[in-house]
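# sequence and predicted structure, then a few things I'm wondering about:
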Protein chains: 2
Amino acid sequence: MEDQLEAEAADGTTAERTAPRKRQARGERRIAEILAAAARVLAAQGYEKTTTNAIAAEAGISPGSLYQYFRNKDEIAAELATTYAAGLRAAHEAAFDLTDVTNLTPGETIDRVIDPILAFNLANPGFKALHARPDMPPGLAAATRPIHDALLGRVISLLKTRFPERSLVELNLAGQLMIQVVQAAMPSVTTADADERPVIITEVKRMLGAYLRELAER
Amino acid sequence: MEDQLEAEAADGTTAERTAPRKRQARGERRIAEILAAAARVLAAQGYEKTTTNAIAAEAGISPGSLYQYFRNKDEIAAELATTYAAGLRAAHEAAFDLTDVTNLTPGETIDRVIDPILAFNLANPGFKALHARPDMPPGLAAATRPIHDALLGRVISLLKTRFPERSLVELNLAGQLMIQVVQAAMPSVTTADADERPVIITEVKRMLGAYLRELAER
DNA sequence: GACAAACACGAGCGATCACTCGCATTCTTT
DNA sequence: AAAGAATGCGAGTGATCGCTCGTGTTTGTC
């Protein structure tokens, strides 16, 4: 990561990105610590009730130091949302092989889409506090939207290969509804005892499966 | 409404409710105005961002006058939640005749349950800002819970008559999931253009219908 | 070792919010 | 009409929050 030392002078535009001037190992670590702390506080308190002082305290630094790395509270949340988006996308791409979609049963397809989302939500409790809450500042919504759009796009393209006879508006609506259902059930899953979760998850999958069958026979 | 003048002296316990001491026509009106104003602000801003000063301004009174009638912000919200609960219950009871449940098709049953909820949500935009938001103070959650419980009880008893062979835990889970689905789709419905709404509503009902069919064949 | 940039601190500023208090006004009762 | 309770006001209080600033400490570079 330190292999470019003075090869950036030629390019003035990205100079601040590739090599600000000198050393940043400590700072880089701090940023990660702050984001981890913010995720923890966010998961416990929700966005509105999360204070920057609480994040700083959780990270073990002073409030002032926090603003050495982030312009304001929203930027911390936006950065975290971006990180989550990347993580969720990665989780999906790892569990999902686009080539063999056609020879999966509907139930298997549902599993392939739902399970990574569930696992991600269980592993990242702070995610849902950041994802499409209605009381968010518009700047943050911009960072949050790509997560939703990427997932929606994936679901729609999946529906398209499985129901080529359906119109795109129809599939769009179906995709949005299915995502809403999973999101709606998510709090129940994450707050339930670990041994209750499979029951809830099975039920959600049954509903989605039934809906897909209805879509096929329509 | 002013037919009890001095017939309350016999009952000491409910004296403050029926006749505090003297005159309250103006005050009674104010309370209604404050609640209406609070509903408007709540619908536009959400619970956390709603300030008591904004409610007072919307009601056309001073912040001080607000506290003549309510102890604090939460009490306003709680009172409003209670009002909503009564309204929703009334809407349901008007649209719902428990006697002829058995000779309705599943689709009709779904309409009977869903339509009043939809109508109520469209007519009372402030309702969803108050209903089971995760960032609410515990005191408010207490006022909000009866709404959910009443609805859940109604749905479950309905499922019980239609699926007597299913266990109660199973029906409980099914009822909760179905309610979650309707609630999850509600923002899409209320924010959509009026001509888009039927499409979304139809789709939600299709999903619920498909799920009920799956529940029957299970 | 000298210098400057990066990093860290924490008291505190300005704004906001829920709520109070002293006082003025309106209404009811006698 | 006089008393007093109900109603109304709005500046102000104390608490909290996001964020800044002056200052001090660490760390890489020469």
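Right, received. Where do you want to start?
# residues near the closest residue to A:Leu171 other than its chain neighbours, how many?
Spatially, and ignoring its direct neighbours in sequence, A:Leu171 is nearest to A:Leu159 (4.4 Å; CB to CB, 6 or more residues apart in numbering or on different chains). In short, each C-beta sits where N, CA and C put it, glycine included. Around A:Leu159 there are 21 other residues, counting by other CB atoms under 10 Å in any protein chain shown.
# same check, this time on A:Gln183
Residues near A:Gln183, counting by other CB under 10 Å, number 18.
# which element is the residue nearest to A:Leu171 on?
For A:Leu159, the enclosing helix or strand under DSSP states H and E is helix A:138-162.
# so what touches that helix?
A:74, A:77-79, A:81-82, A:84-85, A:88-89, A:92, A:96, A:101-102, A:106, A:109, A:113, A:117, A:130-132, A:136, A:166, A:168, A:171-172, A:174-176, A:178-179, A:212, A:215 (CB atoms under 8 Å, 6 or more residues apart in numbering or on different chains).
# could you measure from the residue nearest to A:Leu171 over to A:Pro146?
Relative to A:Pro146, A:Leu159 is positioned 20 Å away (CB to CB, to the nearest Å).
# before we move on, back to that, is DNA strand D contacted by the helix holding A:Leu159?
No - on the criterion CB under 7 Å from any atom of the strand, helix A:138-162 is out of touch with DNA strand D, staying 10.3 Å away.
# quick check: closest non-adjacent residue to whichever residue of chain A sits closest to chain B.
The minimum distance from chain A to chain B, using CB to the nearest CB, falls at A:Ala184 (3.3 Å). Distances taken as CB to CB, 6+ apart put B:Ala184 closest to A:Ala184, at 3.3 Å, once the chain neighbours are dropped.
# count of neighbours near the residue in chain A positioned nearest to DNA strand C?
Ranked by CB to the nearest atom of the strand, the top residue of chain A for proximity to DNA strand C is A:Gly64, at 1.6 Å. Using other CB under 10 Å as the criterion, A:Gly64 is surrounded by 8 other residues.
# how many neighbours does A:Pro63 have?
Neighbour count of A:Pro63, defined by other CB under 10 Å: 13.
# pretty sure it is touching A:Ala54, no?
No - between A:Pro63 and A:Ala54 there is no contact under CB atoms under 8 Å: 9.7 Å.
# what pLDDT, on average, does stretch A:85-97 get?
Stretch A:85-97 carries an average pLDDT of 83.
# check the offset of it from the chain's centre.
Distance, stretch centre to chain centre, for stretch A:85-97: 10 Å (CA atoms, centre = their mean, to the nearest Å).
# cool, and stretch A:189-199?
Taking CA atoms, centre = their mean, one finds the center of stretch A:189-199 at 21 Å from the center of the full chain.
# kindly report the same for stretch A:185-194.
With CA atoms, centre = their mean, you get 17 Å for stretch A:185-194.
# and it, what's buried?
Under the neighbour-count criterion of 16 or more other CB atoms under 10 Å in any protein chain shown, stretch A:185-194 has A:Ala185, A:Met186, A:Ser188, A:Val189 buried.
# ok, now stretch A:86-94?
A:Leu88, A:Arg89, A:Ala91, A:His92.
# now do it: everything it contacts.
A:Val113, A:Pro116, A:Ile117, A:Ala119, A:Phe120, A:Asn124, A:Phe127, A:Ile147, A:Ala150, A:Leu151, A:Arg154.
# scan these and report the most crowded one.
A:Phe127 (25 neighbours).
# sorry, back to before: host element of the residue of chain A closest to chain B?
Under the assignment here (DSSP H and E), A:Ala184 is part of helix A:168-191.
# next, the angle from that helix to helix A:138-162.
120 degrees (axes from the mean of the first three to the mean of the last three CA atoms, to 10 degrees).
# centre of the chain to helix A:168-191, how far?
Distance of helix A:168-191 from the chain centroid (CA atoms, centre = their mean) equals 15 Å.
# pLDDT of it, averaged?
For helix A:168-191, the per-residue pLDDT averages 96.
# which segments of chain A make up each domain?
For chain A, automatic domain parsing gives the domain ranges A:12-70, A:74-217.
# and the longest one, how far apart are its ends?
Start-to-end span of domain A:74-217 (CA to CA, to the nearest Å) is 46 Å.
# need phi/psi at A:Ala59.
When read as degrees, to the nearest 10, the backbone of A:Ala59 gives phi -80, psi -10.
# leaving out sequence neighbours, find the closest residue to it.
Counting by CB to CB, 6+ apart, the residue nearest A:Ala59 is A:Ala37, at 3.7 Å.
# who touches the helix or strand containing that neighbour?
Using DSSP H and E, A:Ala37 sits within helix A:25-45. Helix A:25-45 has contacts (CB under 8 Å, 6+ apart) with A:50, A:54-56, A:58-61, A:65-66, A:68-70, A:76-77, A:79-80, A:83, A:124-126, A:129-130.
# again, but for stretch A:54-66
Residues from elsewhere that reach stretch A:54-66 (CB under 8 Å, 6+ apart): A:Arg30, A:Glu33, A:Ile34, A:Ala36, A:Ala37, A:Ala38, A:Arg40, A:Val41, A:Gln45, A:Thr52, A:Asn53, A:Ile76.
# just to check, A:Leu215 is in contact with A:Glu165?
No - counting by CB under 8 Å, A:Leu215 stays clear of A:Glu165, with 10.4 Å between them.
# ok, the two, which is more surrounded?
Set A:Leu215 next to A:Glu165 and count neighbours by other CB under 10 Å: A:Leu215 wins out with 21 against 7.
# report the contact partners of the more buried one.
So A:Leu215 contacts A:Leu159, A:Phe163, A:Arg166, A:Ala174 (CB under 8 Å, 6+ apart).
# now those in CSV, with distance to DNA strand C?
Below are these laid out as CSV (distance: CB to the nearest atom of the strand, whole Å):
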residue, distance to DNA strand C
A:Leu159, 43
A:Phe163, 48
A:Arg166, 47
A:Ala174, 40
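# narrow these to just the buried residues.
Using 16+ other CB under 10 Å as the threshold, A:Leu159, A:Phe163, A:Arg166, A:Ala174 are the buried ones among the contacts of A:Leu215.
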